[in-house]
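> Here's my sequence, what's the structure:
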Amino acid sequence: MKRSLFLGLIVLLLAGCNLKKSDEVVRTTNYTYEEYYPLMDGRVDSLHIAIAVEFPEKVPNDDLLEPIQQNIKSEIFGDAYQYMDIKQAIEAFTAMLKTEYRQNNLPVAEERRAENDPALDAILNEEQIISSMVMDVHNYILSYAVERYVFMGGAHGSNYRIFYNYDLNTGEQLHEEDIFVEGYEEPLTELLLSNMVAQNEDVELIDDLKRYGYNVDEILPNDNFFLTDSSLVYVFNPYDIAPYSLGETEISIAYDQLQDLLQTPERF
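Numbers count the residues shown, from 1 in each chain. Model prediction:
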């Protein structure tokens, strides 16, 4: 199971404001919550909830702040929470997780007890760990990440990162089709493959990736990317292009390699 990210915090904290970029394009506030919620008295089972949200509180156009905030809350917690205050959303979401944990696991524990099942002592632990943060602000494009780790029993949990890119001029969430010209898929795929090879010291050819367990045919534009000052970074989560054991894969593509594929090259 994943190690605690929050060093024993068990209450919701308002951690102050952070400055993103020296020109104050975006300001954020951090909200964190952590709790070990017991399944029932007399047992050691628990649900570990840990949440850390870096939440935008200021963007250049005040009229666009609320739509961006609502979208972020929806992506983190679900559509039902998007119109709540961020602290209320965290409180309501964690209450839902606790209710579901007991609803799903109490009947199992009680059935084992009634039947004197030798599996009675098996621990019914679960984990729900969520962190979200601003990755960067590049030419008024805000890249935002949501990372989740979920453990509900079994050999290991599942973890993944999803990225959302917001145009701070319009408030719209940007996708590949908003950034690249028509027909970008094939040349962008070639760039992904060539850059993956170039950024991996252990391989020299695309065919070498296959030997390491990568499914080369699945290394395609997946709309899961963030922006930096120098490059666009694609992220492939465990199982996307390789077995779980190989973990997450990042592939960076410099903007100068993308100039012919961008709708507005001057912005990058």
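> could you pull out the strands for the protein?
Ranges of strands within the chain are 13-20, 26-38, 46-58, 126-138, 141-151, 158-167, 173-174, 225-227, 231-236, 249-254, based on DSSP state E.
> Could you provide the ones you listed in a markdown table, with additional columns for mean pLDDT, distance to N104 and mean neighbour count?
Placement of C-beta: from N, CA and C, glycine included. A markdown table is the format used below for the strands of the chain (pLDDT from 0 to 100; distance: least, CB to CB, whole Å; neighbours: other CB atoms under 10 Å):
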| stretch | mean pLDDT | distance to N104 | mean neighbour count |
| --- | --- | --- | --- |
| strand 13-20 | 45 | 29 | 12 |
| strand 26-38 | 96 | 13 | 18 |
| strand 46-58 | 97 | 10 | 20 |
| strand 126-138 | 96 | 9 | 21 |
| strand 141-151 | 97 | 13 | 19 |
| strand 158-167 | 97 | 17 | 19 |
| strand 173-174 | 97 | 33 | 18 |
| strand 225-227 | 98 | 34 | 22 |
| strand 231-236 | 98 | 30 | 22 |
| strand 249-254 | 97 | 32 | 18 |
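> Adding distance to T99 as columns, could you present those strands in JSON lines?
Formatted as JSON lines, these follow (distance: least, CB to CB, whole Å):
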{"stretch": "strand 13-20", "distance to T99": "23"}
{"stretch": "strand 26-38", "distance to T99": "10"}
{"stretch": "strand 46-58", "distance to T99": "10"}
{"stretch": "strand 126-138", "distance to T99": "13"}
{"stretch": "strand 141-151", "distance to T99": "16"}
{"stretch": "strand 158-167", "distance to T99": "21"}
{"stretch": "strand 173-174", "distance to T99": "30"}
{"stretch": "strand 225-227", "distance to T99": "34"}
{"stretch": "strand 231-236", "distance to T99": "32"}
{"stretch": "strand 249-254", "distance to T99": "36"}
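> can you tell which of the ones you listed is closest to V108?
Proximity to V108, assessed across these by CB to CB, is greatest for strand 126-138 (11.8 Å).
> How far away from the center of its chain is the closest one?
5 Å (CA atoms, centre = their mean, to the nearest Å).
> same question, stretch 195-212
So, by CA atoms, centre = their mean, the centroid of stretch 195-212 is 26 Å from its chain's centroid.
> Also stretch 152-164?
10 Å.
> quick revisit: can you tell which of the strands of the chain is closest to E186?
strand 249-254 (14.5 Å).
> Give me the helices and strands touching that closest one, please.
Secondary-structure packing of strand 249-254 (3 or more CB pairs under 8 Å, 6 or more residues apart in numbering; DSSP states H and E): helix 185-198, strand 231-236.
> got these as CSV, with distance to M152 columns?
Output for the helices and strands packed on strand 249-254, formatted as CSV (distance: least, CB to CB, whole Å):
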stretch, distance to M152
helix 185-198, 32
strand 231-236, 23
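> Tell me who's in contact with M40.
By CB atoms under 8 Å, 6 or more residues apart in numbering, the residues touching M40 are 102, 106, 109.
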